[in-house]
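Fold the following for me, if possible:
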Amino acid sequence: MTGFWANRWWVVAASACGLMVGTGSVVIFSFGTFLKPVSEALGISRGELSTALFWSSNVTAFTCLAVGWLIDRYSARSIMMPGIVLFALMMAAMGTLQADSVGMIYVIFAAAGFFGAVQTPLPYSAAVSKWFDRERGLALGLATAGVGLGTILIPQLAGALIRNYGWREAYYGLGVAILVLAFVPVMVFIRDPVATDAEESAVARGAAPGVEAGVALRSWRFWALTIAFFLGVMSINGTIVHIVPLLTDRGVPAPVAIGLMSAAGLAIILGRIICGWCLDRFHGPYVAACFFILPMAGIGLLTSGWDMPWPMVGAALCGAGIGAEVDLMAFFISRYFGLKAYGAIYGVTFTLFNIGTGLGPMLSGRGFDYFHSYVPVFIGYEVALTITCVLLVGLGPYAYPALRKLPEPEPDRSARPA
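Below is the predicted model of the structure:
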């Protein structure tokens, strides 16, 4: 690929497109849209169906370990292409769920989680990080902003399909969307850089070797940032996924409640782009703390029970936090541990991150079943986010800061014009 289409920013654009239909938007953020119609049709509780999502996220989490290892040894593209096809098929298979087998519901969700590991930010962030150094924060922010765009569009698409055709057909439609929006861009644009076509690629120039995975896993910084992101995503996802049922329980019409997910999605997009821009200019842990304070305020607004527009503001603030989180995690792994074993190190962090992704919605669902209210669980999330901020602020300076351009050579002043 040469010329205009070989520009490295196409890798960013393809990543954003693919993440529109990643596991975050398709499995997690559309889940609230399906929660009531599916649980009512199958005769199961919200907690039982939320537990299926928990197992799906757990399977994705542990599969990311293998995906990260494979990315370090093969190209991201070769791992992603077959996985995307199988993920699309598993999402379509959710349209076959039956009321008489809760166990089979868990199996299908788990299978979607297994193949959905290639549709997490892990392989996309690895591909983008290899192409960018000084602009890595912005590039990662733009790429992972695709999750935010998906959070706006996918629940709306799912809601429209449910209203017009039914929830089973909605799952079939999501399977088709994955093939169109992820498989094609990955096939055409995602590739690893080589020295001849990536002038600013740190990998191509051997500029950021990094540490081995074993060294990173023995570092206190690794576990501090990993635990911080685990607590953060558990709290924010546990809130966002249940926004639709929370508001409809208060009498808000379902289309309005689903529309609030658009506010969260827009905030995810803005959060990732702004966070990425800030990461290239300011010290990351301080940027991270600022962005995690936002969902703390958002959860407080959602817990308050105030009328519109405060639920919309709360959803947007939560979206800004989750929007920054994936960008921050990918960036911190590259700056504190380098790119030498980026896939393996990120895979371990993303494993715990994905466990938190599913744990939060399950805790919210089980908490609702027990307390008949989301408030007690949401208070716990506020405490968890406070701990997240404390852990991130203490990370300290980067081990692998961005390289700076070499100064231009001074002209030879000893020469005299003839």
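
C-alpha only now, for contacts and for neighbours.
Fine.

just how off-centre is stretch 151-163 within its chain?
A distance of 19 Å separates the centroid of the chain from that of stretch 151-163, by C-alpha atoms, centre = their mean, to the nearest Å.

cool, stretch 363-374 as well?
25 Å.

and if you look at stretch 352-370?
With C-alpha atoms, centre = their mean, you get 16 Å for stretch 352-370.

Output that stretch as PDB, restricted to C-alpha atoms.
These are the backbone C-alpha positions of stretch 352-370, laid out as PDB (Å, rounded to 0.1, in the frame of the first residue of the first chain):
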ATOM      1  CA  LEU A 352      -8.400  -7.700  35.200                       C
ATOM      2  CA  PHE A 353      -9.900  -4.600  33.400                       C
ATOM      3  CA  ASN A 354     -12.400  -6.900  31.700                       C
ATOM      4  CA  ILE A 355     -13.200  -8.700  34.900                       C
ATOM      5  CA  GLY A 356     -14.100  -5.400  36.300                       C
ATOM      6  CA  THR A 357     -16.100  -4.600  33.200                       C
ATOM      7  CA  GLY A 358     -18.400  -7.500  33.900                       C
ATOM      8  CA  LEU A 359     -18.300  -7.400  37.700                       C
ATOM      9  CA  GLY A 360     -19.700  -3.900  37.900                       C
ATOM     10  CA  PRO A 361     -23.000  -4.600  36.000                       C
ATOM     11  CA  MET A 362     -23.400  -7.900  37.900                       C
ATOM     12  CA  LEU A 363     -23.000  -6.200  41.300                       C
ATOM     13  CA  SER A 364     -25.500  -3.600  40.200                       C
ATOM     14  CA  GLY A 365     -28.000  -6.200  39.100                       C
ATOM     15  CA  ARG A 366     -27.500  -8.400  42.200                       C
ATOM     16  CA  GLY A 367     -27.700  -5.300  44.400                       C
ATOM     17  CA  PHE A 368     -30.900  -4.300  42.800                       C
ATOM     18  CA  ASP A 369     -32.400  -7.700  43.300                       C
ATOM     19  CA  TYR A 370     -31.400  -7.600  47.000                       C
END
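
Pull the residues that contact that stretch.
Residues from elsewhere that reach stretch 352-370 (C-alpha atoms under 8 Å, 6 or more residues apart in numbering): 46-47, 50-51, 53-58, 60-61, 226-227, 229-231, 233-239, 241-242, 373-374, 376-378.

what does stretch 284-294 give?
232, 275, 278-279, 317-318, 320-321, 324-325, 328, 332, 385, 388-390, 392-396.

For whatever helix or strand Met80 lives in, the averaged confidence score.
Per DSSP states H and E, Met80 falls inside helix 76-93. Mean per-residue pLDDT for helix 76-93: 88.
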